[in-house]
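Asker: Sharing a model prediction with you, sequence too.
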Amino acid sequence: MNKINKWLTALLPLLAAPAAFAETGEGANTEAIIMFLLFIAGTMAITWWAARKTQTTSDFYTAGGGITGFQNGLAIAGDYISAASFLGIAGMVYVSGYYGVIYAIGFLFGWPVVMFLVAERLRNLGRYNFADVTAFRLEQTPVRILAASASLLIIALYLIAQMVGAGKLIVLLFGIEYKFAVVIIGALMMIYVFFGGMTATTWVQIIKAVLMLTGGTLLSGLVLYAFNFSPDAMLAEAVTVHPYAEELMSPGDAVTSSPLNALSLGIALAFGTAGLPHILMRFFTVWSAKEARKSVIWASSFIGYFYVLTFIIGFGAIALLVRHPEFFHQGIDGSFNMLTDLIGGTNMAAVHLSNAVGGSLLLGFLAAVTFATIVAVVAGLALAGAASISHDLYASVIAKGRATEKQQMRISKISILVLGVLSILLGIIFEHQNVAFMVGLAFAIAASANFPVLVLSISWRGCTTRGAVIGGFIGLLVATVWVVLSKTVWVDVLGNAEPIIPFPNPGIVSIPLAFIAIWFFSITDKTARAERERNAFDALTVRSQTGIGRTGAVAH
Amino acid sequence: MQKDVVEQVLKHPKYEALVKGRTRASMIFFGLTLAIYAGFILTMAYLPDVFARPLGPNWTMSVGLFVGLMVVCSAVILIALYVYFSNKWFDPLLDEIVRDVE
């Protein structure tokens, strides 16, 4: 890293800070802002430190493989406990009670699936990203094009969710304009990734996972304290004050009006994790399959624990926020609707709650940690996106393996700039979406395109390039077209009156379709290439089971 | 990877036991995961009234919420058991194969 880079790293936040202060309006809060700036300074220091260690492509994408299973588990938990999981699920519980719980359980059940079907074999077969695994015995060019297309779409959806969550948070805290907030996040993300690569994003993620778990524990503890540590007393109060009343405790209208949609969502959430490029990428930061296994147990324990906290926080917010009219946009007579008038929108329920039970210090702490986590998640997403563009599209498809490491790094950095700008634009366009819902869609596409290809290519001898590519693209297309024609885009974004597709979650159709298509187009593939690929299955199994001959993740 | 290494591993007496055992273990665990998850999702979608009931008289917490918490715990427990079996049964087999081949 050259001197100019370092200077830029140090200067940019300084440029952003006074601007933010200058526009500080009524919503601002001094302790919170100080806490916030401290966090940003801290993460910048990590980035600066990591920048000195990041030299090779392997350092940039996978932190040189020097992360332990425990650390990686925390980093994965950090990725997972993001705006989507924390703010989004707490917000969903706040709005509709039990429905939010369904999301949390779906997100969590992705982990057993990852563990039992892919984690260890993935680590043994790949180097930088999951496309390496599918390309192990299938033909590079087409499978990498497929992986990159699906990954970039997933990353775009995921980015929207994170940008919206972080943007709202900044608006609430600093009282600045939403658009400006989104630009700050995009800029910070680009700095993390540009200079620190995977080492910086991983360490930022680890530290914040710890702080997030601490903050969440503290917040739930204070909420329960308000009810003499009786969760049921808290629920009783929530049911009393919420407009849905007893409905809060049951699956509710959202499920009963369309059980198929709920089922579809459930399937997509459970199988999506095993197809998320930025999560799968984390498995290449550890040394071996055994460490990959450890990563999963730690990650799932932290995530499970945190989701339980999120339920407490969500229901606690219902029970406690109504006592604080100052958190709502009030009518002239001081009245407010607890669902529609919450300042900053319902995604901010958890943030308001921290202010209610812990004062501005806890608010500042939680807001800062949440914000920093989002920036790191965005950074991780951008890294996965850059890996797709430079490693899959550029190095393997365009340059046909003749690209030097230096060229790849240049392409990566250009990609990150493009992704940064793109995420800012998307964040502005989709300002009003519930963040957990957007992530749900990203999961649906991951489960429909990446997951079937990945699983069948490593565990089914008969899988061929033709089957994987046709099946993967069918999954991707069906899921995408479905989402575009459903209420989410067709009505909410494009402004049409009626959706063409009855329910918004595509998983129940697109996932089985992808599996069947891969199977059908593989068994009917009689080419010599297909025969070669079937014969290469033994070599793949040996490597995936034993790890003998695996590449990458070696300390440089 | 060299072809002869693959041949060597394939011929190793413990290799088949490793692959078979591991495949069986992951299939069993995956089956359990699916059973719990599908049970939860299907009940929620098609028998929502079961989940809507309170846990008992004087309880606000519903059956669904309680079951949800149990389901969260079950995911972590399943993973923990798998790690335990892997460490105990499969890692020693694997170490032996790697040692013999390398």
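Answerer: Looks like it came in fine. Residues are numbered from 1 along each chain as shown, chains lettered A, B, ... in the order given.
Asker: Give me the pLDDT for residue A:1.
Answerer: Per-residue pLDDT puts residue A:1 at 39.
Asker: Show me what from the stretch 1-150 of chain A comes close to chain B.
Answerer: A:98, A:101-102, A:104-105, A:108-109, A:111-113, A:115-117 (C-beta under 8 Å from any C-beta of the partner chain). To be clear about C-beta, it is placed using only N, CA and C from the backbone, and glycine gets the same treatment.
Asker: let's see 6 Å
Answerer: Residues of the stretch 1-150 of chain A lying near chain B by C-beta under 6 Å from any C-beta of the partner chain: A:98, A:101, A:105, A:108, A:109, A:112, A:115, A:116.
Asker: So the fourth one sits against residue B:76, correct?
Answerer: No: in terms of C-beta atoms under 6 Å, residue A:108 does not count as a neighbour of residue B:76; the distance is 8.1 Å.
Asker: what about stretch B:67-81, distance to the chain center?
Answerer: Mean-position distance between stretch B:67-81 and its chain equals 10 Å (C-alpha atoms, centre = their mean, to the nearest Å).
Asker: Need the residues that contact that stretch.
Answerer: A:101, A:105, A:108-109, A:112, A:115, A:297, A:300-301, A:304, B:29, B:33, B:36, B:40 (C-beta atoms under 6 Å, 6 or more residues apart in numbering or on different chains).
Asker: re the thing from before, make a markdown table from the residues of the stretch 1-150 of chain A next to chain B and add distance to residue A:238 to it.
Answerer: As requested, these are exported to a markdown table (distance: C-beta to C-beta, whole Å):
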| residue | distance to residue A:238 |
| --- | --- |
| A:98 | 11 |
| A:101 | 13 |
| A:105 | 19 |
| A:108 | 22 |
| A:109 | 25 |
| A:112 | 30 |
| A:115 | 34 |
| A:116 | 36 |
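Asker: and the residue nearest to residue A:236 when sequence neighbours are not counted, how many neighbours?
Answerer: With sequence-adjacent residues excluded and distances taken as C-beta to C-beta, 6 or more residues apart in numbering or on different chains, residue A:236 is closest to residue B:60, at 4.2 Å. The local packing of residue B:60 (other C-beta atoms under 10 Å in any protein chain shown) involves 21 other residues.
Asker: List phi and psi for residue B:60.
Answerer: phi -100, psi -40 (degrees, to the nearest 10).
Asker: next one: residue A:286
Answerer: phi -100, psi 160.
Asker: my guess is it contacts residue A:72, does it?
Answerer: Yes: contact status for residue A:286 versus residue A:72: in contact at 5.0 Å, counting by C-beta under 6 Å.
Asker: Can you work out which residues contact both of those two?
Answerer: residue A:295.
Asker: Name the helix or strand of chain B that has the lowest mean pLDDT.
Answerer: When each helix and strand of chain B is scored by mean pLDDT, DSSP states H and E, helix B:3-11 comes last, with a mean of 83.
Asker: Residues in contact with that helix: which ones?
Answerer: So helix B:3-11 is contacted by A:539, A:542, B:15, B:101 (C-beta under 6 Å, 6+ apart).
Asker: In TSV, list these along with distance to residue A:243, secondary structure and neighbour count.
Answerer: Output for these, formatted as TSV (distance: C-beta to C-beta, whole Å; DSSP: H, G, I helix; E, B strand; the rest coil; neighbours: other C-beta atoms under 10 Å in any protein chain shown):
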residue	distance to residue A:243	secondary structure	neighbour count
A:539	61	helix	20
A:542	60	helix	25
B:15	62	helix	22
B:101	66	helix	18
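Asker: Kindly provide the distance from residue B:48 to residue A:262.
Answerer: Using C-beta to C-beta, to the nearest Å, residue B:48 is found at 9 Å from residue A:262.
Asker: When those two are compared, which one has more neighbours?
Answerer: Between residue B:48 and residue A:262, residue A:262 has the larger neighbour count (other C-beta under 10 Å), namely 27 against 19.
Asker: Kindly indicate whether that one is helix, strand or coil.
Answerer: helix (DSSP: H, G, I helix; E, B strand; the rest coil).
Asker: Surely it is in contact with residue B:42?
Answerer: No: Residue A:262 is beyond contact range of residue B:42, at 9.8 Å (criterion: C-beta under 6 Å).
Asker: before we move on, the earlier item: any common contacting residues for residue B:48 and residue A:262?
Answerer: With C-beta under 6 Å, 6+ apart, residue B:48 and residue A:262 have common neighbours residue A:255.
Asker: got the contact list for residue A:274?
Answerer: Taking C-beta under 6 Å, 6+ apart as the test, what residue A:274 contacts is A:113, A:114, A:118, A:451.
Asker: what's the pLDDT at the spatially closest residue to the second one that is not a sequence neighbour?
Answerer: Setting aside the residues directly before and after it, residue A:114 is nearest to residue A:274 in space (C-beta to C-beta, 6+ apart), at 4.8 Å. At residue A:274, the model reports a pLDDT of 92.
Asker: show me what contacts the residue in the stretch 151-300 of chain A that chain B sits nearest to?
Answerer: For the stretch 151-300 of chain A, the residue closest to chain B is residue A:250, as judged by C-beta to the nearest C-beta, at 3.2 Å. The neighbourhood of residue A:250, defined by C-beta under 6 Å, 6+ apart, consists of A:98, B:48, B:51, B:52, B:62.
Asker: Could you check how far the second one is from chain A?
Answerer: Noted for residue B:48: a distance of 4 Å to chain A, by C-beta to the nearest C-beta, to the nearest Å.
Asker: pLDDT wise, what is that residue at?
Answerer: pLDDT recorded at residue B:48 is 87.
Asker: count of residues packed around the nearest residue to it once chain neighbours are set aside?
Answerer: Residue nearest to residue B:48 in three dimensions, not counting chain neighbours: residue A:251, with 4.2 Å by C-beta to C-beta, 6+ apart. Neighbour count of residue A:251, defined by other C-beta under 10 Å: 28.
Asker: Which helix or strand contains residue 76?
Answerer: Using chain A. helix A:69-80 (DSSP states H and E).
Asker: looking at chain B here, not the other one
Answerer: Short version, using DSSP H and E: residue B:76 is in helix B:63-85.
Asker: tell me which element the most centrally placed residue in chain B is part of?
Answerer: For chain B, the residue nearest the mean C-alpha position is residue B:29 (3.0 Å; C-alpha atoms, centre = their mean). Secondary structure assignment for residue B:29, by DSSP H and E: helix B:15-46.
Asker: I'd say residue A:510 and residue A:478 touch.
Answerer: Yes: Residue A:510 is within contact range of residue A:478, at 4.2 Å (criterion: C-beta under 6 Å).
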